[in-house]
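# this one's sequence-less:
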């Protein structure tokens, strides 16, 4: 049984699905796919089962035969609030958090942080405001973490 061909796109119009650019070139010239062959397009958290309708030099026109929520995408948008670690461990923490599905990572300074950013190493805000652009963490019911003793 041949392997399924899967393509990841930022978005796909299910009414008039078309693949352009490098992916279209890859489908037509590298993979040598032909009209009638099947492929899967993952776009916007949805898997589209498609059949190739037509291939031109720079476009692949598709026919959507079915769609389902992407099983590989997380069902929640997880935000990790990470205290600044010692030395250069933050890069590895970010890498592993993304691999595990974190949608957003917010570095925070806590009282017990040993690592401190060097004053002046961050760009100044043009408005002169000292407020952080990231709102403080809160629970879905509106209770702040400060109330629970987390900060």
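Perfect, thanks for sending it. The model shown is predicted, which means the values in this text are computed figures rather than measured ones.

# in three-state terms, label the residue positioned nearest the centre of the chain for me.
By CA atoms, centre = their mean, the mean C-alpha position of the chain lies nearest to residue 103, the distance being 6.5 Å. Classification of residue 103 using DSSP: H, G, I helix; E, B strand; the rest coil returns strand.

# wait, doesn't it sit right on residue 75?
No. With contact defined as CB atoms under 8 Å, residue 103 does not count as touching residue 75 (11.4 Å). To be clear about C-beta, it is placed using only N, CA and C from the backbone, and glycine gets the same treatment.

# if we can go back for a sec, quick one: contacts for the residue nearest to the centre of the chain?
In this structure, residue 103 makes contact with 74, 77-79, judged by CB atoms under 8 Å, 6 or more residues apart in numbering.

# rebuild those as a markdown table, extending it with distance to residue 60, pLDDT and secondary structure.
Below are the contacts of residue 103 laid out as a markdown table (distance: CB to CB, whole Å; pLDDT from 0 to 100; DSSP: H, G, I helix; E, B strand; the rest coil):
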| residue | distance to residue 60 | pLDDT | secondary structure |
| --- | --- | --- | --- |
| 74 | 29 | 76 | coil |
| 77 | 31 | 88 | coil |
| 78 | 34 | 90 | strand |
| 79 | 36 | 94 | strand |
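
# now do the helices in the chain.
Listed in chain order, the helices of the chain (DSSP state H) span 21-25, 90-99.

# of all the ones you listed, which one comes closest to residue 67?
With CB to CB as the criterion, residue 67 lies closest to helix 21-25 of the helices of the chain, at 18.4 Å.

# tell me which residues of the closest one come out buried.
Buried residues in helix 21-25, defined by neighbour count with 16 or more other CB atoms under 10 Å: 24-25.

# stretch 41-52 too?
41-43, 47-50, 52.
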